[in-house]
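Novice: any chance you could fold what I've pasted below:
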Amino acid sequence: MNRIVVFILGIAAGAAITGLVVWTVMPSMMLTISPSSMSLNETVVAIEQSALNHGWMVPKVYDLQASLTKAGHADAKPMKILSLCQPDHAYAILSENENRKVTAMMPCRIGVFERDDGQVYVAQMNIGLMSKMFGGTIEKVMGQVAVEEHEMLQSILAQ
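Specialist: From the prediction side, this is the model:
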């Protein structure tokens, strides 16, 4: 009987440790943050141009600093969010009824922000990793999106 109790306790302890590791590590794996080699506005313009050059659309650029300042937060740091869309990729996913749940994550977003030291960073979701959670068409298309986003940002991010 002791061996069974030890075995069950071992499995429970292993599950708890695994859960803790996943809970601790996943946030840093789900987002990538990279320094830009340019100013904030130059970075935004470069991302927009690179997206267009790769056949993507940039339907909206949100100026979060302006929105926060308007709401009374005069000390808001410079930050913008770009919405990016590649219509063929979006259609490949959304043409399947069961995949329309991912509209909550569309279009793709890239954040550009400045830290207190003046360094500009580019933040994005780890689409490649996230795609693996869905499987099927979503995984296939979002995997390609990850490759294309990497290509778009390659010359913009500080090496």
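
Novice: CA only for contacts and neighbour counts going forward, please
Specialist: Noted.

Novice: ok, for the residue nearest to the spatial centre of the chain, nearest residue in space, not its chain neighbours?
Specialist: Closest to where the C-alpha atoms of the chain average out (Cα atoms, centre = their mean) is Met125, at 1.2 Å. In this structure, Met125 finds its nearest non-sequential neighbour in Leu31, 4.5 Å apart by Cα to Cα, 6 or more residues apart in numbering.

Novice: for that neighbour, give me its contacts.
Specialist: Leu31 makes contacts with 123-126, as judged by Cα atoms under 8 Å, 6 or more residues apart in numbering.

Novice: and the helix or strand where Gln124 lies, what does it pack against?
Specialist: Using DSSP states H and E, the element containing Gln124 is strand 120-125. Helices and strands touching strand 120-125, by 3 or more Cα pairs under 8 Å, 6 or more residues apart in numbering; DSSP states H and E, are strand 31-35, strand 108-114.

Novice: tell me which element the closest residue to Asp75 other than its chain neighbours falls in.
Specialist: Among residues not flanking Asp75 along the chain, Thr69 sits closest, at 7.3 Å (Cα to Cα, 6+ apart). Secondary structure assignment for Thr69, by DSSP H and E: helix 64-70.

Novice: got a list of contacts for that helix?
Specialist: Helix 64-70 is contacted from outside by 74-81, using Cα under 8 Å, 6+ apart.

Novice: go on, stretch 148-159?
Specialist: Against stretch 148-159 from outside (Cα under 8 Å, 6+ apart): 34-38, 43, 46-47, 50-51, 54, 122.

Novice: can you give me the buried ones in that stretch?
Specialist: By neighbour count on 16 or more other Cα atoms under 10 Å, the buried set for stretch 148-159 is 148-149, 152-153, 156-157.

Novice: out of the residues you listed, which sit inside helices?
Specialist: Of the buried residues of stretch 148-159, the ones assigned to helices by DSSP state H are 148-149, 152-153.

Novice: how many residues are close by Gly10?
Specialist: 12 (other Cα atoms under 10 Å).

Novice: what mean pLDDT does the helix or strand hosting it get?
Specialist: Using DSSP H and E, Gly10 falls within helix 2-30. Helix 2-30 comes out with an average pLDDT of 76.

Novice: any idea how far it is from the chain center?
Specialist: Put simply, helix 2-30 sits 27 Å off its chain's centre (Cα atoms, centre = their mean, to the nearest Å).
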